[in-house]
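> Sequence first, predicted model second:
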Amino acid sequence: MRARHVLVLAIALVLAGCGSLGPVTETREPFAVDGTDRPTVTDGPTTTRPPQFDPDPTENDLGDVRDMLSAQGRVLQNTSYRADYLVRATHENGTVLLYRHVDGAYAANDSRYLVAAETSGTTVPRRTDFVLFGDGTRAFVRQTTENGTSVSVPRQADGGDPIPPTDLGVFRGRDAMSSFLYQGFAGMNVTSVTELDRVPPGLDEPLYRVQSGSVESPQLLAQGPNGTVENASFEAIVDHRGFVYEYRLTFETETDAGDPVRIERRLVYRDLGNTTVPRPDWVEDYEAENGTTTTARVLAQA
């Protein structure tokens with residue numbers, strides 16, 4: 001059924017563009033995904049530095065998209081951060097086909113993290129909630145389904161050694177997100193790039209708001225070369241390095257049956273270099289009770 005195909009699309013979408021530099025008087029509060037607080041916007045000192053991300057207002061150009069997005073990996077390497085990601089596909093009648101929300105805290109050491117993921121919708125077998133904690137040597141999984149909640153340590157096999165936290169696929173999302181961002185920035189024709197005159201605390205100026213409602217390459221967003229994309233809206237917050245702190249992309253496409261489906265995707269990075277990863281109480285309880293460790297289904301991607 002096409003609704004399922006659209007869901008595959010929803011997991012492979014992103015934002016896109018090239019654009020023009022508008023007036024430098026824009027003041028806004030960056031958006032946030034469900035379940036996260038909006039950063040407080042306050043005046044702060046201005047830091048002057050040579051631009052690494054340098055939009056060209058005369059050419060309406062953000063520069064090479066691949067070069068710009070390579071900053072994502074460089075910035076996230078060897079630093080702590082939080083990432084909040086949401087994707088939702090909704091049928092025209094309001095039925096949620098797919099809802100996926102991933103909220104993760106990652107230490108500079110990739111083997112320590114705390115990631116929560118929720119997946120639901122009519123195109124998934126059943127709703128699941130995962131919380132995955134890596135403490136450097138082991139990973140603990142708390143899984144909640146209709147049948148209840150269980151905690152376990154993923155192992156190579158029953159009774160085998162614990163699977164290293166870095167081997168659980170948690171960081172595959174970095175490469176996937178880079179692909180999503182590329183598809184979006186290259187698929188949308190960005191029409192406005194505005195330097196913010198006020199930025200959230202802890203972020204260096206300049207910071208840019210990137211917007212578009214114009215699709216440049218629908219084949220990068222919709223399924224297949226003949227896929228339709230309508231009512232698209234794209235917004236991103238990009239810093240002077242080209243690092244995308246936030247993005248939001250929405251558009252409508254169609255199922256194989258011709259039914260409109262609305263796709264929404266949001267991403268927020270925050271607390272770069274200032275993220276701590278606390279040990280959850282449920283891990284403490286699990287170890288205190290000397291619970292039986294069993295092989296668990298592992299969060300495939302975060």
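Happy to help now that I have it.
> and Gly160, helix, strand or coil?
At Gly160, secondary structure determined by DSSP: H, G, I helix; E, B strand; the rest coil is coil.
> give me phi/psi at it?
phi -80, psi -170 (degrees, to the nearest 10).
> if I look at it, how far off is Val153?
Gly160 sits 11 Å away from Val153, going by C-beta to C-beta, to the nearest Å. (Glycine included, C-beta is placed from N, CA and C.)
> Counting neighbours, go ahead and name the busier of the two.
In this view Gly160 and Val153 are compared by other C-beta atoms under 10 Å, and Val153 has more residues nearby, 19 against 10.
> quick one: low-confidence parts of the stretch 101-250 of the chain?
Applying pLDDT under 70 to the stretch 101-250 of the chain flags the ranges 172-173, 175-176, 223-226.
> ok, which stretches of it are helices?
172-187 (DSSP state H, counting those that start in this stretch).
> which residues in it form strands?
Taking DSSP state E, counting those that start in this stretch, the strands of the stretch 101-250 of the chain run over residues 112-120, 128-135, 139-145, 148-152, 192-195, 207-212, 230-239, 244-254.
> Now do the buried residues in the second one.
For strand 128-135, burial by neighbour count (16 or more other C-beta atoms under 10 Å) applies to Thr128, Phe130, Val131, Leu132, Phe133, Gly134, Asp135.
> Make CSV from those and add distance to Tyr286 to it.
Listed next are the buried residues of strand 128-135 as CSV, based on distance: C-beta to C-beta, whole Å:
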residue, distance to Tyr286
Thr128, 19
Phe130, 15
Val131, 12
Leu132, 13
Phe133, 10
Gly134, 14
Asp135, 12
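> So which of those residues is the closest to Glu254?
Using C-beta to C-beta, Thr128 is the member of the buried residues of strand 128-135 that lies nearest Glu254, at 27.9 Å.
> Look up how far Leu86 lies from that closest one.
16 Å.
> Format the strands of the stretch 101-250 of the chain as a markdown table; extra columns: distance to Leu98.
Below are those laid out as a markdown table (distance: least, C-beta to C-beta, whole Å):
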| stretch | distance to Leu98 |
| --- | --- |
| strand 112-120 | 8 |
| strand 128-135 | 12 |
| strand 139-145 | 17 |
| strand 148-152 | 23 |
| strand 192-195 | 30 |
| strand 207-212 | 24 |
| strand 230-239 | 19 |
| strand 244-254 | 13 |
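> Those: which one's closest to Leu76?
Between Leu76 and the strands of the stretch 101-250 of the chain, the shortest separation by C-beta to C-beta is 11.0 Å, and it involves strand 244-254.
> Strand partners (parallel or antiparallel) of the closest one?
Strand 244-254 has the following sheet partners, assigned by DSSP bridges: strand 230-239 (antiparallel), strand 260-270 (antiparallel).
> can you list these in CSV and add distance to Thr149?
As requested, the strands paired with strand 244-254 are exported to CSV (distance: least, C-beta to C-beta, whole Å):
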stretch, distance to Thr149
strand 230-239, 36
strand 260-270, 27
